[in-house]
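S.K.: no sequence for this one, just the structure:
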């Protein structure tokens, strides 16, 4: 069974009301951020490992507020 860890910068993320870490049946790993806000802007990365090796992926989250209560999130 692989071990999956998500980070914002150097801070390890855990499941909470704000962040959900999901493992899909097809093997996809997802980080879901509820009600994203400017405080969530930053560098994120995922590390996954098993007996055969490890891999990682990274991206930057940018949150742009538009039209009152609507929030647009973009991961690059």
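M.R.: In hand now; what should we look at? Here the structure is a predicted model, which is why all the values come from computation and not from measurement.
S.K.: list the buried residues for stretch 21-29?
M.R.: Neighbour counts over stretch 21-29 (16 or more other C-beta atoms under 10 Å) mark residue 21 as buried. C-betas here are computed from N, CA, C, even on glycine.
S.K.: and it, how far apart are its ends?
M.R.: End-to-end span of stretch 21-29 (C-alpha to C-alpha, to the nearest Å): 8 Å.
S.K.: name the residues that touch it?
M.R.: 4, 6, 13, 14, 15, 30, 31, 32, 46, 48 (C-beta atoms under 8 Å, 6 or more residues apart in numbering).
S.K.: if we go to 7 Å?
M.R.: Under the contact criterion C-beta atoms under 7 Å, 6 or more residues apart in numbering, stretch 21-29 has outside partners 4, 6, 13, 15, 30, 31, 32, 46, 48.
S.K.: ok, and the closest non-adjacent residue to residue 58?
M.R.: Closest residue in space to residue 58, ignoring its immediate chain neighbours: residue 45 at 3.8 Å, by C-beta to C-beta, 6 or more residues apart in numbering.
S.K.: list the buried residues of the helix or strand that the one you found is a member of.
M.R.: For residue 45, the host element (DSSP states H and E) is strand 42-50. Using 16+ other C-beta under 10 Å as the test for burial, strand 42-50 gives 44, 45, 46, 48.
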